[in-house]
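Trainee: Kindly return the folded structure for what I paste below:
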Amino acid sequence: MNNLFSIFDPSTNLLNLSLNWLSTLIGLMFIPYSFWFFPNRLFFFWNFIIIKLHKEFKNLLGNSNLNNGSTFIFISLFSFIFFNNFLGLFPYIFTSTSHLNISLSLSLSLWLSFMIYGWLNNTQHMFIHLIPQGTPSILMPFMVLIETISNIIRPGTLAVRLTANMIAGHLLLTLLSSSSNNLPNYLLIILIFIQILLLTLESAVAIIQAYVITVLSTLYSSEVN
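Mentor: Okay, the predicted model is just below:
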């Protein structure tokens, strides 16, 4: 089991510096396309995605956040997670989002900022949110406890969801590829076809997980206003 999970360890280093984590910056290589004087197809495609995300996040955040640029924070979060998830599918590129170091840092920093802002500026609303409407008086202490626990574990659930989904697909691909050494040719062709299907599924998972994490963060932000 240690050898199986060692593929996720950042073991490549030079002068005791872990170079695998530099893969988190590879997505920045795609940004200069937006500064071209004559935009290309990649710029139009990415700009189309950003506009769609902006409209959807604006609806999720509500009317109180229409003009303060809050959607661009979540668009940047989506872009960062999407690039790291998708580029991690290429050979010899380290998937940083498969580690809790990255995913928990993102989710915990967002959650803390939401909580600090909500409790300092909308204290009464935050207290009201702990007790759902229509709760019987005898159940109010229990509901406060349940809502508090569910609120505290939110950054952990966001981080574990992203990390687990990234690890699961990579592990499955690794297990299948490691079992191909002694297979006959006709089974090897079937295995390659299955791995292509799994790689397609992982590409969809990379996009979906970036979208899910961003939407949940947007919903958590809308609750503190």
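
Trainee: per-residue confidence at M166?
Mentor: pLDDT for M166: 87.

Trainee: Spatially nearest residue to it (excluding sequence neighbours)?
Mentor: Distances taken as Cβ to Cβ, 6 or more residues apart in numbering place S98 nearest to M166, at 4.0 Å, with adjacent residues excluded. Bear in mind the C-beta positions are built from the backbone N, C-alpha and C, glycine included.

Trainee: Give the next helix or strand downstream of whatever helix or strand M140 lives in.
Mentor: According to DSSP states H and E, M140 maps onto helix 140-152. Next along the chain after helix 140-152, taking DSSP H and E as the criterion, comes helix 154-178.

Trainee: what's the burial count for the residue nearest to M166?
Mentor: Neighbour count for S98, taken as other Cβ atoms under 10 Å: 24.

Trainee: So, low pLDDT: which residues of this protein?
Mentor: 1-19, 32-36, 63-68 (pLDDT under 70).

Trainee: For H125, give me the backbone phi and psi.
Mentor: Backbone torsions of H125, given as degrees, to the nearest 10, read phi -60, psi -40.

Trainee: and it, what does it touch?
Mentor: By Cβ atoms under 8 Å, 6 or more residues apart in numbering, the residues touching H125 are G118, V224, N225.

Trainee: contacting residues for the residue nearest to F86 when sequence neighbours are not counted?
Mentor: Among residues not flanking F86 along the chain, A206 sits closest, at 4.7 Å (Cβ to Cβ, 6+ apart). For A206, the contacting residues are F82, N85, F86, G88, L89, M166, by Cβ under 8 Å, 6+ apart.

Trainee: Weed out the non-buried ones from the residues you listed.
Mentor: Using 16 or more other Cβ atoms under 10 Å as the burial test, the contacts of A206 include F82, N85, F86, G88, L89, M166 as buried.

Trainee: Distance to S107 added to the residues you listed, as JSON lines?
Mentor: Output for the buried ones among the contacts of A206, formatted as JSON lines (distance: Cβ to Cβ, whole Å):
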{"residue": "F82", "distance to S107": "16"}
{"residue": "N85", "distance to S107": "15"}
{"residue": "F86", "distance to S107": "19"}
{"residue": "G88", "distance to S107": "18"}
{"residue": "L89", "distance to S107": "22"}
{"residue": "M166", "distance to S107": "14"}
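
Trainee: wait, what's in contact with the residue lying closest to L106 once chain neighbours are set aside?
Mentor: Nearest residue to L106 in three dimensions, chain neighbours excluded: L77, at 6.8 Å (Cβ to Cβ, 6+ apart). L77 makes contact with L106, L110, I213, T214, S217 under the criterion Cβ under 8 Å, 6+ apart.
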